[in-house]
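In: I'd like to go over a predicted model; first the sequence, then the structure.
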Amino acid sequence: MKFQFNEELRSVPQNIDEFHQLIDKLQSALPQSAGLDRVNILGELAVYLRIDGQLDKAEQRLREALLLIEKHDLGIGKAIQQQIRLGHVLQFKKEFKASNALFKEIFASIAKNDSLAHYEAFAWQHWGKNLFDQERYDEALIAFEKALEIRERKDAPQDHLQSTKIAIKRTKELMGE
């Protein structure tokens, strides 16, 4: 599935029909799945539901995923991934007090656990988007630049680098730079 970013740094599917077919496919896969498979589908589905504007459903899916992770002891890495996604949903819902608190927890967990280092750039990118939506552009720019520095150092995929560069460019435009 291919996406592009709009001026609000939101993902926009290039083919809306394929996008909705993917949502339907993931939703139909849920009843047959359990454990880690279910968590993975719930997380991916929540991302697409968020993009589609179905924010309450996205939040429900992520909260279910987090409960399953805890119940089946599926690991802190899987929990952090879903928490970042949940922070992004809360941001879209403009529940900034909750999203800010959740990102604070995420960064504290990453700082305490070396095995979570590969989530660091992902967390910085989404923290930046969270700040961007709050019009805290100076802070958002710092977060995006941190995400880019980590991604460049770790030879991240080109689409990850590109999305961060787009975020930096757009933030600077809004700051008048």
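Out: Happy to help now that I have it. Residues are numbered from 1 along each chain as shown.
In: residue contacts, residue 134?
Out: Contacts of residue 134 were listed using Cβ atoms under 8 Å, 6 or more residues apart in numbering, and they are residue 96. To be clear about C-beta, it is placed using only N, CA and C from the backbone, and glycine gets the same treatment.
In: which element is the residue nearest the centre of the chain on?
Out: Geometric centre of the chain, nearest residue: residue 85, 4.0 Å, by Cα atoms, centre = their mean. Per DSSP states H and E, residue 85 falls inside helix 76-92.
In: quick one: buried residues of that helix?
Out: Under the neighbour-count criterion of 16 or more other Cβ atoms under 10 Å, helix 76-92 has 76, 78-92 buried.
In: go on, stretch 114-124?
Out: 116, 119, 120, 121, 122, 123, 124.
In: got it, and stretch 104-115?
Out: Neighbour counts over stretch 104-115 (16+ other Cβ under 10 Å) mark 106, 109, 110 as buried.
In: if I read this right, the second one contacts residue 77, doesn't it?
Out: No - judged on Cβ atoms under 8 Å, residue 109 makes no contact with residue 77 at a distance of 9.9 Å.
In: list residues touching both of the two?
Out: Each of residue 116 lies in contact with both residue 109 and residue 77 under the rule Cβ under 8 Å, 6+ apart.
In: Which strands or helices does the helix holding residue 85 pack on?
Out: helix 35-51, helix 55-71, helix 96-112, helix 120-133 (3 or more Cβ pairs under 8 Å, 6 or more residues apart in numbering; DSSP states H and E).
In: helices and strands of this protein: which one bottoms out on pLDDT?
Out: strand 3-5 (a mean of 89; mean pLDDT, DSSP states H and E).
In: Check the offset of the next helix or strand after that one from the chain's centre.
Out: Counting by DSSP H and E, the next helix or strand C-terminal to strand 3-5 is strand 11-13. Put simply, strand 11-13 sits 13 Å off its chain's centre (Cα atoms, centre = their mean, to the nearest Å).
In: any residues touching the helix holding residue 85, and which ones?
Out: For helix 76-92, using Cβ under 8 Å, 6+ apart, the contacting residues are 36, 39, 42-43, 46-47, 50, 55, 58-59, 62-63, 65-66, 69-70, 96, 98-99, 102-103, 105-106, 109-110, 113, 115-116, 119, 122-123, 126-127, 129-130, 133.
In: Now a PyMOL select for only the buried ones of these.
Out: Selecting only the buried entries of the contacts of helix 76-92 in PyMOL, with 16+ other Cβ under 10 Å as the criterion:
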select buried, resi 39+42+43+46+47+50+55+58+59+62+65+66+69+99+102+103+106+109+110+116+119+122+123+126+127+129+130+133
